[in-house]
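In: what's the 3D shape of this:
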Amino acid sequence: MNTVGVVVEIKGKYAVVETERKSACDGCHKNADGQGCAMCHIFGGNTRVRTDAKNTAGAGVGDRVELESSSGRMLGYALLVFILPLVACLAAYFITAARVDGEAIPGAVALAVFVICFGAVAVISRTVISKRCDVEIVKIVDKSF
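Out: Residues are numbered from 1 along each chain as shown. Model prediction:
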């Protein structure tokens, strides 16, 4: 996955790059003027995001750069955050419902598993994923002067 951003800070062999986060509203007819609709604003449409990137191209502050990240790894992160808690929640519900009469206990177990999954994802994110640098500057698009 490739995107373009601007280097805002250099930290040793890494650079902090600011990119424009694309929203789902990019193709919407209400976004023709660039302002978006109410849903864009509610869900945080076009906002700027900062990320650390390996500075293999030797970019400097103010340079416009092309960033590359592994699509497979980003897909894995999305699965970890969105799909795993949902699948675990459903599995917990159906396993508990098969063993216990009623719906209150299976519902409570499913909710507890859902919360535990999000807690586990938060811990994994803070301890493992945040220490990785999955983004790399592959080329300088515009050099600042």
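In: A53: neighbour count?
Out: A53 is flanked by 24 other residues according to other CB atoms under 10 Å. C-beta here means a position set from N, CA and C on the backbone, and glycine is covered the same way.
In: which element follows the lowest-mean-pLDDT helix or strand in the chain toward the C-terminus?
Out: Least confident element among the helices and strands of the chain, by mean pLDDT, DSSP states H and E: helix 38-42 (a mean of 59). Next helix or strand after helix 38-42 toward the C-terminus (DSSP states H and E): strand 47-54.
In: report the buried residues of that next one.
Out: Using 16 or more other CB atoms under 10 Å as the test for burial, strand 47-54 gives 51-54.
In: where does the protein have low pLDDT?
Out: Where the chain drops to pLDDT under 70, the residues are 21-46, 129-132, 144-145.
In: one more time with 80, if that's ok
Out: 1-2, 20-48, 69-74, 77, 125-126, 128-134, 144-145 (pLDDT under 80).
In: longest helix of it?
Out: helix 104-127 (DSSP state H).
In: what does it contact?
Out: 80-81, 84-86, 88-94, 96-97, 100 (CB atoms under 8 Å, 6 or more residues apart in numbering).
In: residues making contact with the host helix or strand of V87?
Out: For V87, the host element (DSSP H and E) is helix 84-99. Helix 84-99 has contacts (CB under 8 Å, 6+ apart) with 103, 105-107, 109-114, 117-118, 121.
In: now the residues you listed as JSON lines including distance to D63?
Out: Below are the contacts of helix 84-99 laid out as JSON lines (distance: CB to CB, whole Å):
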{"residue": "E103", "distance to D63": "58"}
{"residue": "I105", "distance to D63": "58"}
{"residue": "P106", "distance to D63": "55"}
{"residue": "G107", "distance to D63": "53"}
{"residue": "V109", "distance to D63": "52"}
{"residue": "A110", "distance to D63": "49"}
{"residue": "L111", "distance to D63": "48"}
{"residue": "A112", "distance to D63": "48"}
{"residue": "V113", "distance to D63": "46"}
{"residue": "F114", "distance to D63": "43"}
{"residue": "C117", "distance to D63": "40"}
{"residue": "F118", "distance to D63": "37"}
{"residue": "V121", "distance to D63": "34"}
